[in-house]
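Asker: What follows is a predicted structure for the sequence shown.
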Protein chains: 4
Amino acid sequence: MPRPKSDVKRSAILEAATRVIVTQGLSAPTAAISKAAEIPNGSLFTYFATKAELFDQLYLELKREQAMAAMEGLRRDAELSAQLFQVWENWMWWGRSFPEKRRAMEQLDASVEITSETRSAAHAAMAGVADLVDRVRAKGHLRKAPLRFVVGIVNSTAETTMEFMDLDPWNAKNYCRAGFDAVWRVLN
Amino acid sequence: MPRPKSDVKRSAILEAATRVIVTQGLSAPTAAISKAAEIPNGSLFTYFATKAELFDQLYLELKREQAMAAMEGLRRDAELSAQLFQVWENWMWWGRSFPEKRRAMEQLDASVEITSETRSAAHAAMAGVADLVDRVRAKGHLRKAPLRFVVGIVNSTAETTMEFMDLDPWNAKNYCRAGFDAVWRVLN
Amino acid sequence: MPRPKSDVKRSAILEAATRVIVTQGLSAPTAAISKAAEIPNGSLFTYFATKAELFDQLYLELKREQAMAAMEGLRRDAELSAQLFQVWENWMWWGRSFPEKRRAMEQLDASVEITSETRSAAHAAMAGVADLVDRVRAKGHLRKAPLRFVVGIVNSTAETTMEFMDLDPWNAKNYCRAGFDAVWRVLN
Amino acid sequence: MPRPKSDVKRSAILEAATRVIVTQGLSAPTAAISKAAEIPNGSLFTYFATKAELFDQLYLELKREQAMAAMEGLRRDAELSAQLFQVWENWMWWGRSFPEKRRAMEQLDASVEITSETRSAAHAAMAGVADLVDRVRAKGHLRKAPLRFVVGIVNSTAETTMEFMDLDPWNAKNYCRAGFDAVWRVLN
DNA sequence: CATGAATGAGCGTTCATTCAT
DNA sequence: GATGAATGAACGCTCATTCAT
């Protein structure tokens, strides 16, 4: 049976890890994470067998949360452009709301320690977004390109946009709109 | 002056570091790097005072090399679209030729250890590309967005494109072209 | 509380350090100390954060122990000369009983690494002895000299005496008596 | 042939070592010493084969210099008390003039690295002082104690006195006189 | 001879993980 | 199960000494 004990503690560890990664990077000691989570250091290992597993699960959790946030409340009967815009707004809004999650994810993404299984699962979590992108680009210039590639472009544009929203929050809305326009033109 | 510091050895270390980072990540022991460079452990520190300094300098070197490669042989009298295409091709070609450099750079980019001075210097190295991007987008949709942002989008698109060229070399040319089309449409 | 820090182990480390310092000096590797204490390398740092801290605490402990030993069983109602003699004998006896402690202390005393806070605390530990010295010298030649200085002379004479007792144990008693006579004449 | 080259450089190294030892202790890197002597680090080893040899020779040199200073201009026809006082004053004056030499000597004295041969030679350098002490104590309380011991007491009293002269220079003369009185009473 | 880069054994310390309590 | 002390392999870095120039 997974997650033997308190789900609360497990979440506390994941959140603490997020914060710690942002400030100290992936080489942060596990002790820093348990301290940030206000749990004794040994307890961390009752929830995650190894540091690598913790990072793997954190990565997956963050990706899933991001994907869920993006698809939240999507009106599947609306026009495609409206759907894409809604997803984009959700996505950017998630980035604004959880800058630390976004930054931690960025680091985890670059790490060689994340297993390919986890990367696949993370990719799968984005299936909803990918599907929408697929429908939007159906008659556009990238209609023949592999969907993974197109999603990759959309994704990296999203990350760049969120980064600038975070760096310069005053213009967050402008970045959001400009990012969407860019993606829209790429897909059409 | 007896045995002046050899630039050859310095370069050997940087190249070895590149290779090691790709396979082992940034947490690779310095000993792995010196071994890969076929020099004794202690000698690494004759050239770089600390591991962090080595990574800083490697990052800067890679960014500069990439920027130089992108601008190589640019015909400043040609049309803007041709100029941008040439830069893009150079850039992608560099990525294909040195996949390890590209991947190492990706990891260094995400690291919290790279100093902001180094990041600024790296940014400055891209001034030529940024200037061209600025001229191309002058009448486009992103004409009012901060140039940094526009360059950021172009850059992340370039990275994604190179990544797919590397993953699926058979279609490298198609990715290159598709990436350029995407960027072109974003900037216009 | 699982496995609370053991005072036994702490003491074992301090004793081992004493022995090692005598034979190898202050530059002895911490590994030599943990080996002598029959504990694993890393455990030393559970008890002392740094080598310097270990030495600081050892110094203080030795000074305190020495001072305690000197004052042991002092009859405060006896004549001053008898009190001083008793303290002197205690002191010398401690030196004879723990030659390694004395020698380690000597090295620590000379080290630039001992903090001034620790030196102050060590000085404070000698307050009882200092007070007695003060009363003895009250009518002597050194009655106007700073007490610190007078105690310094007494202390260095004590150290020299113990050193010779150790070098030539056969005559230990004679050195002890001669040392006392010297101190007595200095103070009167 | 000893001292192959520039005696000037040799002295510069010894002086630099003195200064460095005072501030950094005996564990100071040889590079710190050569830097302080303003010579290249490799050159140090053309003058002293090893760090230990440098320290050995420095110790001996300092001891000899101190002894020479103490005996300087001694009027062997004066009364013993006057002779001893003169030696004492010379000695204390040397300590005041070269506090760094005194402090470095203190550290070297405590070090386990100084060979016993060197210690013997250092002891021999004090023969003149020892002889005078011997004559002074001839009819005193310590007349039967080993001369080495008596000299040891005198020496440690001298060191303590010089230390306080250095700590509190305003009262240097008083310490000097009080130290002499103490020694005088010990020897008589 | 003089130099300073090169060397590699060695050190203090860290930290993921284990395990006695 | 929960804890935090214990562990020991590993790491970044130092530095006395060597040696190519």
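Answerer: Good, I have the coordinates.
Asker: Name the residue closest to the centre of chain A, please.
Answerer: A:K63 (3.8 Å; CA atoms, centre = their mean).
Asker: Tell me the residue of chain A that sits nearest DNA strand F?
Answerer: A:G42 (2.0 Å; CB to the nearest atom of the strand). C-betas here are computed from N, CA, C, even on glycine.
Asker: what's the distance between that residue and A:P29?
Answerer: 14 Å (CB to CB, to the nearest Å).
Asker: Equivalent analysis for A:N41, please.
Answerer: 9 Å.
Asker: Next, see if stretch A:104-121 gets close to chain B.
Answerer: Yes: against chain B, stretch A:104-121 shows contacts by CB under 8 Å from any CB of the partner chain at A:E106, A:Q107, A:D109, A:A110, A:S111, A:V112, A:E113.
Asker: Quick check: which element contains the second one?
Answerer: This points to A:Q107. helix A:99-110 (DSSP states H and E).
Asker: Contacts only, for the residue nearest to the centre of chain A.
Answerer: A:M105, A:A122, A:A125, A:M126 (CB atoms under 8 Å, 6 or more residues apart in numbering or on different chains).
Asker: Quick check, pLDDT for it.
Answerer: pLDDT recorded at A:K63 is 98.
Asker: That one in helix, strand or coil?
Answerer: helix (DSSP: H, G, I helix; E, B strand; the rest coil).
Asker: ok, it to chain D distance?
Answerer: 50 Å (CB to the nearest CB, to the nearest Å).
Asker: ok, that residue to chain C distance?
Answerer: For A:K63 relative to chain C (CB to the nearest CB), the value is 37 Å.
Asker: Give me the secondary structure label for A:A49.
Answerer: coil.
Asker: Show the backbone phi and psi for it.
Answerer: Main-chain torsions, A:A49, degrees, to the nearest 10: phi -60, psi -40.
Asker: Could you check the angle the helix holding A:Q107 makes with helix B:99-110?
Answerer: 160 degrees (axes from the mean of the first three to the mean of the last three CA atoms, to 10 degrees).
Asker: helices and strands around helix A:99-110, which ones?
Answerer: helix A:7-24, helix A:51-71, helix A:147-167, helix B:99-110 (3 or more CB pairs under 8 Å, 6 or more residues apart in numbering or on different chains; DSSP states H and E).
Asker: Pull out the buried residues from the following helix or strand past it.
Answerer: Next helix or strand after helix A:99-110 toward the C-terminus (DSSP H and E): helix A:116-125. For helix A:116-125, the neighbour count (16 or more other CB atoms under 10 Å in any protein chain shown) marks A:T118, A:A122, A:A125 as buried.
Asker: Then stretch A:123-141?
Answerer: A:A125, A:M126, A:V129, A:A130, A:L132, A:V133, A:V136, A:R137, A:G140, A:H141.
Asker: Give the single residue among those positioned nearest to DNA strand E.
Answerer: A:A125 (24.8 Å).
Asker: just checking, that closest one touches A:M71?
Answerer: No: with contact defined as CB atoms under 8 Å, A:A125 does not count as touching A:M71 (9.9 Å).
Asker: got the CA positions of the helix or strand hosting A:V133 in CSV?
Answerer: In this assignment (DSSP H and E), A:V133 forms part of helix A:127-136. Provided in CSV are the C-alpha atoms of helix A:127-136 (Å, rounded to 0.1, in the frame of the first residue of the first chain):
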residue,chain,number,x,y,z
ALA,A,127,-1.6,14.7,-22.8
GLY,A,128,-4.6,17.0,-22.5
VAL,A,129,-2.6,20.1,-23.4
ALA,A,130,-0.8,18.2,-26.2
ASP,A,131,-4.1,17.1,-27.6
LEU,A,132,-5.4,20.7,-27.8
VAL,A,133,-2.1,21.8,-29.3
ASP,A,134,-2.5,19.1,-31.9
ARG,A,135,-6.0,20.3,-32.9
VAL,A,136,-4.9,23.9,-33.0
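Asker: can you tell if that helix touches chain B?
Answerer: No: using CB under 8 Å from any CB, helix A:127-136 stays clear of chain B, with a minimum separation of 12.8 Å.
Asker: Spell out which parts of chain A neighbour chain B.
Answerer: A:22-27, A:106-107, A:109-113, A:141-142, A:145-146, A:148-149, A:152-153, A:155-157, A:159-161, A:163-164, A:168, A:171, A:174-175, A:178-179, A:181-182, A:185-186.
Asker: Tell me the buried residues within those residues.
Answerer: Judged by 16+ other CB under 10 Å, buried ones among the residues of chain A next to chain B: A:22, A:25-26, A:106-107, A:109-111, A:141-142, A:145-146, A:149, A:152-153, A:155-157, A:159-161, A:163-164, A:171, A:174-175, A:178-179, A:182, A:185-186.
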